[in-house]
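Enquirer: Give me a model of this one.
(2 chains)
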There are 2 protein chains.
Amino acid sequence: MIEMQLVALIELFPSDGSRAIKEPKDTSSSPHNFIVINNMEAKPFDRSALEQLVTKRFFYAPSFQIYGGVAGLYDYGPSGCALMNNIINVWRNHFVLEEEMLEVDTSIMTTYDVLKTSGHVDKFADWMCKDLKNGEIFRADHVVEAVLEARLQGDREARAAEAGAAAVAAEAAANAEADKAKDAKKKKKKGTVVAVKLPDETVKLYQETLAQIDNYGGEQLAELMKKMDIRSPESGNELSTPQEFNLMFESNIGPTGQLKGFLRPETAQGQFVNFKKLLEFNNDKMPFASAQVGRSFRNEISPRSGLLRVREFTMAEIEHYVDPEDKSHKHFKDVKDVKISILSKDVQLSGKTTTIEMTVGEAVSKKIIDNETLGYFIARIYLFLMKIGIKHERLRFRQHMDNEMAHYACDCWDAEIQTSYGWIECVGCADRSAYDLTVHSNRTKEKLVVREQLAEPRVIEQWQVEINKKTFGPKYKKSAKAVEEALLSYTDACYVKLQKDFETTGKSTVVIGKESFEVSKDDVSVKRGTVTEYVREYTPNVIEPSFGIGRILYSLLEHSWWVRGDDEARNVLSFPSIVAPFKCCLLPLSGNAAFDPFVYKFSRELRKNGISTRTDDSKASIGRRYARNDELGIPYAVTIDFQTVEDGTVTLRYRDSTEQIRDTFENIVKLIKDETN
Amino acid sequence: MIEMQLVALIELFPSDGSRAIKEPKDTSSSPHNFIVINNMEAKPFDRSALEQLVTKRFFYAPSFQIYGGVAGLYDYGPSGCALMNNIINVWRNHFVLEEEMLEVDTSIMTTYDVLKTSGHVDKFADWMCKDLKNGEIFRADHVVEAVLEARLQGDREARAAEAGAAAVAAEAAANAEADKAKDAKKKKKKGTVVAVKLPDETVKLYQETLAQIDNYGGEQLAELMKKMDIRSPESGNELSTPQEFNLMFESNIGPTGQLKGFLRPETAQGQFVNFKKLLEFNNDKMPFASAQVGRSFRNEISPRSGLLRVREFTMAEIEHYVDPEDKSHKHFKDVKDVKISILSKDVQLSGKTTTIEMTVGEAVSKKIIDNETLGYFIARIYLFLMKIGIKHERLRFRQHMDNEMAHYACDCWDAEIQTSYGWIECVGCADRSAYDLTVHSNRTKEKLVVREQLAEPRVIEQWQVEINKKTFGPKYKKSAKAVEEALLSYTDACYVKLQKDFETTGKSTVVIGKESFEVSKDDVSVKRGTVTEYVREYTPNVIEPSFGIGRILYSLLEHSWWVRGDDEARNVLSFPSIVAPFKCCLLPLSGNAAFDPFVYKFSRELRKNGISTRTDDSKASIGRRYARNDELGIPYAVTIDFQTVEDGTVTLRYRDSTEQIRDTFENIVKLIKDETN
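Expert: The predicted structure follows:
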């Protein structure tokens, strides 16, 4: 489950965010190098150009666009859908098949009870406030940020003007950028900037407020807004007191209108409630993992940042169940030398964002990462992201601060990918302890535990309580069961007191809610004794890697995109073959009918060899078609020309290097197969 | 899109429905024959035994079962999820990749406007009525059926008792079964049967009513219920007048509560609204198809029949866009010899259900199937269903009757699969004409058309209307645009009248809604003339194959299941390898540590060869584990024993024949690969 904290994860990236847009290096010597390193350079990243490409080649587009679209809903076109399917396939092979995880496919529509227990009904919410005149709705924390940042910017401009020196003005501007990058966790609607100098203590107060903005609840936000006179940054009108807005889409199941349902906000709960069946399916063996890929929903107050904050999205989640007393991992040795960039909570506490390169083995042995299983999954996440084409130098693992984590979590890491929007949480990896299984078990009275035969029986000392069934029923009548349960679930201290009460007065009092019941030693006996255990019973802990597929896909687009040449905008998306929407495009030189049988035969042959193929037999020139297919990120192009008709040879063109090779079709197929495996 | 008529597709199967449960034939001579023919035999089909197996091996189970579950929502466990994923993969290879369809992935949450246009807001509904005392809700048509059938049954019993002859009673019972099988289209809650003889004309009336039940609207149902005094079959209480209940789950998008959304009832609309982008993506070439696999929702009044009538389900839909003037198909010749069982509308009209075996080529040439493209897809659907293991003799293609089809459809076929619930519509294949694109285009004013360069320009005669812009604006002011549009969209007859009006009086009247406008020949001129067209513009027709994946999966379970031996219930699911949840299970003979490195190495090796593997190293005996894996439908078992440690050989066991082969692991892998490809 991507945490509730997820609402606060988009950091503002410097708007002049440096990104290379240049020819990949060394392509001549290595035509097969599809992974292009985009060196960091001074050239600004042109997000709108990428967005144009994404639209033009229909990777994705706003849903129902001919009806005007709806914020936060996107449709994936043929290229985006194929890219996503391929990412999911790699994920499934890398995690589910390789580790024999138990993949499930559970309902999206989820009942109130399940999500009440999980905490989503009460806590899965943001604070919103309304423009009291025009009714416009804002997220409360966003609006505070926008207004305070506008005021601080105004202050800097005023100070710069006062100093009257260009040098100072420049510095102020630089500071403004730095501040934004450091503190503001979200992109926001800009407040109007007016050059007004603020008292020094106000500047400090504002800066401190912004640094803390994610930690404020509704009441605190309300207080802040009143104290600082926060108004709509758009209209200047007064705003309502922040109201809680639950982010789940609500609906009714069945015709009565009495069974409330929600669209799941994550795929995790569907796995937890099936724990018992899954353990049984796994022949009661531990540890094991379940997994699920599917759609989840989040009714954002104000969706933005393209695919990064949407109302409907595909997730892939793993719930790995582990013995709380033994979080070692059988295959940890296979990944211990994997080197990752780490941003630990200690470093963050010291106010820095410096990452350290470190092997996972080292991080676990130094206790930076809490345990082997968590470390194992962090390494496996890294390897997965590398496989699909995320750049090593733009990926870091950030540890959650203690105040960021849910109270029950022991350790939590985010795989953050750097994009033009900043460092984006794309995968969460949390040790959620026994929380989820415990709450569902408590609520449903269904035991969600593992029973393990002990190698040696063990003798343990414990309180032994015996209920006298004969007197109990008649005496307590309807309350008998409740009194019995209360007595059986006493803490150690309570048993000590009970025993003392019996020794001194022969009776004691059981308090259940507002009621009290007197019990005597004839009704119940209590003593400290020993029992021999042959079976150990425990609630497993859950390690949960949770992937936001849309975010990963968007990050991959940014990491894969570059522009060939300088004068002409020739876009290339250098996806690794394994995720490229199509592996190969097949291009007859022209519409000449002589090519038709070759197109038919070759496309079948390519598919038969597992090479997904797109035929482009449109009338555009071959150069234009090459360019078009570069924009789709297709790594190989096979061209059929008149020579093909004569001798069966074709031209193979590489997307990244544009290098061309001529050989028989059969050899070319073999080459592509060898290179893509 | 599975039609609105889908609500009426489950036919009642004779409750003693014959199905074979026996050893497959000839396995000794052909150990590789995984497709087991279940011959029709007198032994009754034991659905509850299959259901037990499905639960025990966690193919699927009610969602949130530890919370009590909810009707119509199911979770797929590891075996069911893998089976479904494999069915979808075969589907994707068979349709999308093989035919280069444009697969998309569009939003589930859909706005009101889109579904208002498509007709779902107004028409996607069932009629329900309420028990006026206890509030229980029924589907109106179901309740009428239940009550009338109970009365007819009572009548038969009374007549049998009257005749006092055992022979007559038996006949009555037989008739009862026959009637049910023939007429009742749905399984229903039984009304209480009381032996009361009815007048002959009442019997006739009831029988006619039942035969027509699917054709009644709300008013007719209300009238019927009043006239026949239909009450709750459970309580005998009076029922409310039938109310329309829309079957879409409704929700609100965003925090304002003002943007209504629905969970899509089908994946088709997401494809239609993207038509323009998809055509462009296809370089404006026709014909082409889009496709989508995904979740859809239907808020059933009373879900039942397991996976066959659920509230959330996975669909796979294809929208093939074709020139209305040329519905030939380039690859029709590849499938024309495919032989299928056909139940045409003519046969049904004659009151029969006899299917005819016929090649698709013959059916198209005889005009039983309307056109080549429709025939092509029917054949491809057949081939797909055969590939995944549906039995030829339990699959038929039933043509819709004229009164079953939507008014715009030209021809519509259902692939119906026989199960213990009767013949179930699992795939629909409809020619929807230009309906969908036309309605969305009319509503949004977005042109959803194909423009085709004509090989030869053509001269056509048409009405030419010229608006005098100078007088028009000042004269009609705000209404100018509406008047102009009205004049430009006149029918031929209207132009004739307009011309006549101008000739006689010099003016005419344009009526728009309730308003009338006078136009004179100074404002507009109209004449019949010729124009030369270079481009042909048309709205494509849509051929739509639409697959209910859950229904197919359930049918496949029934077709694949048999019981080995007679005394012991040893279940086997003989899935074809291509869809089996796991291809191979790997079994170390015991927990001996010497086997561990082999398990590790062999499971990696199998996966590397694309053979999905499940390791079963539990302590159960090898025989018990074989049986368990037969229940999961795993076609191959590889056993590691002490000889393996010595010489690297393993035992391969075939699921269906239980035949065993001993060879080196490498040879066994090669054998499995050869056999599964």
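Enquirer: which SS state does whichever residue of the stretch 551-677 of chain A sits closest to chain B fall under?
Expert: Going by C-beta to the nearest C-beta, chain B is nearest to residue A:618 of the stretch 551-677 of chain A, at 3.8 Å. All C-beta spots, glycine's among them, are computed from the backbone N, C-alpha and C. Secondary structure, DSSP: H, G, I helix; E, B strand; the rest coil: residue A:618 is coil.
Enquirer: quick one: contacts for it?
Expert: The contact partners of residue A:618, by C-beta atoms under 8 Å, 6 or more residues apart in numbering or on different chains, come to A:625, B:283-285.
Enquirer: Would you mind pulling the contact partners of the longest strand anywhere in chain A?
Expert: As assigned by DSSP state E, the longest strand anywhere in chain A is strand A:450-467. The list of residues contacting strand A:450-467 from outside it, by C-beta under 8 Å, 6+ apart, reads A:279, A:284, A:286, A:321, A:323, A:484, A:487-488, A:490, A:492, A:495, A:523-540.
Enquirer: Out of those residues, which end up buried?
Expert: With burial judged by 16 or more other C-beta atoms under 10 Å in any protein chain shown, the buried subset of the contacts of strand A:450-467 is A:279, A:321, A:323, A:484, A:487, A:490, A:495, A:523-524, A:526, A:539-540.
Enquirer: Narrow those residues to those in helices?
Expert: In this view, those that belong to helices under DSSP state H are A:279, A:484, A:487, A:495.
Enquirer: What distance do you get for the first one to residue A:449?
Expert: The reference is to residue A:279. Per C-beta to C-beta, to the nearest Å, residue A:279 is found 9 Å from residue A:449.
Enquirer: What is the longest helix of chain A by residue count?
Expert: Secondary structure of chain A per DSSP H: the longest helix is helix A:140-163.
Enquirer: What helices and strands are in contact with it?
Expert: When contacts are defined as 3 or more C-beta pairs under 8 Å, 6 or more residues apart in numbering or on different chains; DSSP states H and E, helix A:140-163 packs onto strand A:125-130, helix A:166-183, helix A:200-212, helix A:218-227.
Enquirer: Next, the buried residues of it.
Expert: A:140-160.
Enquirer: CA atoms only for it, dumped as PDB, please.
Expert: Taking C-alpha atoms only, helix A:140-163 is exported to PDB below (Å, rounded to 0.1, in the frame of the first residue of the first chain):
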ATOM      1  CA  ALA A 140      -5.800  23.600   2.400                       C
ATOM      2  CA  ASP A 141      -2.100  22.900   2.600                       C
ATOM      3  CA  HIS A 142      -1.600  23.800  -1.000                       C
ATOM      4  CA  VAL A 143      -3.200  27.200  -0.500                       C
ATOM      5  CA  VAL A 144      -1.200  28.000   2.500                       C
ATOM      6  CA  GLU A 145       2.000  27.100   0.700                       C
ATOM      7  CA  ALA A 146       1.000  29.200  -2.400                       C
ATOM      8  CA  VAL A 147       0.200  32.300  -0.400                       C
ATOM      9  CA  LEU A 148       3.200  32.200   1.900                       C
ATOM     10  CA  GLU A 149       5.600  31.500  -0.900                       C
ATOM     11  CA  ALA A 150       4.200  34.400  -2.900                       C
ATOM     12  CA  ARG A 151       4.700  36.700   0.100                       C
ATOM     13  CA  LEU A 152       8.200  35.500   0.600                       C
ATOM     14  CA  GLN A 153       9.000  36.100  -3.000                       C
ATOM     15  CA  GLY A 154       7.500  39.600  -2.700                       C
ATOM     16  CA  ASP A 155       9.700  40.200   0.300                       C
ATOM     17  CA  ARG A 156      12.800  39.100  -1.600                       C
ATOM     18  CA  GLU A 157      11.900  41.400  -4.500                       C
ATOM     19  CA  ALA A 158      11.200  44.300  -2.200                       C
ATOM     20  CA  ARG A 159      14.500  43.800  -0.400                       C
ATOM     21  CA  ALA A 160      16.300  43.500  -3.700                       C
ATOM     22  CA  ALA A 161      14.700  46.700  -4.900                       C
ATOM     23  CA  GLU A 162      15.600  48.400  -1.700                       C
ATOM     24  CA  ALA A 163      19.200  47.400  -1.900                       C
END
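Enquirer: Report the mean confidence score over stretch A:239-256.
Expert: For stretch A:239-256, the mean per-residue pLDDT is 94.
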